[in-house]
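In: Compute the structure for the input listed below.
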Amino acid sequence: MKIYHKKDVLNVSKPEGINVVYYLLNEYGVHYNEQVPNSIQTWHHHAKSWETLYVIAGELLAKWRENGVEKSEILMSGDLVETERTPHTFINNSNKVAKFLVIKQILSGKDKRDILKTDKIID
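Out: Residues are numbered from 1 along each chain as shown. Just a heads-up that it's a prediction; the model follows:
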């Protein structure tokens, strides 16, 4: 078992109001984010990594561009988003900090759901 303590990993406060704790591991990354009220992430996309975002607390306005059309949807605690390769941003229009996890992976394209559902051995 490996344990990674917050104090020992990369912690970054971005100028647009997002504080990120980066747990960068060999084959994936987990980022814990806190986005301050009334802040906007910089528009971006990912060329190689697949990003999955899970909202822990608060709400975020997700914006993305699909085939040249800008779309948006409000995300609440418990919502999950796969950003795919689309340009996107997240906006916190509320007066509370939004907290979310981001998991970044380089995927193979193979369906591994059966393994994920059944890969548990009782000791």
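In: OK, contacts around P37?
Out: Contact analysis of P37 by C-beta atoms under 8 Å, 6 or more residues apart in numbering lists 92, 94-97. In short, each C-beta sits where N, CA and C put it, glycine included.
In: just V30 next, same as before
Out: Listed by C-beta under 8 Å, 6+ apart, the contact partners of V30 are 23, 101-104.
In: pLDDT of the helix or strand hosting it, averaged?
Out: Secondary structure from DSSP states H and E places V30 in strand 28-35. On average, the pLDDT along strand 28-35 is 96.
In: And the pLDDT for the residue positioned nearest the centre of the chain?
Out: The centroid of the chain falls nearest to V102 when counting by C-alpha atoms, centre = their mean (2.4 Å). For V102, the model assigns a pLDDT of 97.
In: Run through the bridge partners of it.
Out: Beta-bridge partners recorded for V102 (DSSP bridges): H31, L53.
In: How about V69?
Out: Counting by DSSP bridges, V69 forms beta bridges with E66.
In: And for it, the neighbour number?
Out: Neighbours of V69 under the rule other C-beta atoms under 10 Å: 7.
In: How about A98?
Out: By other C-beta under 10 Å, the residues close to A98 number 26.
In: residues contacting it?
Out: Contacts for A98 (C-beta under 8 Å, 6+ apart) come out as 33-35, 55, 57-60, 90, 92.
In: can you give me phi and psi for K48?
Out: Backbone geometry at K48, expressed as degrees, to the nearest 10, gives phi -120, psi -30.
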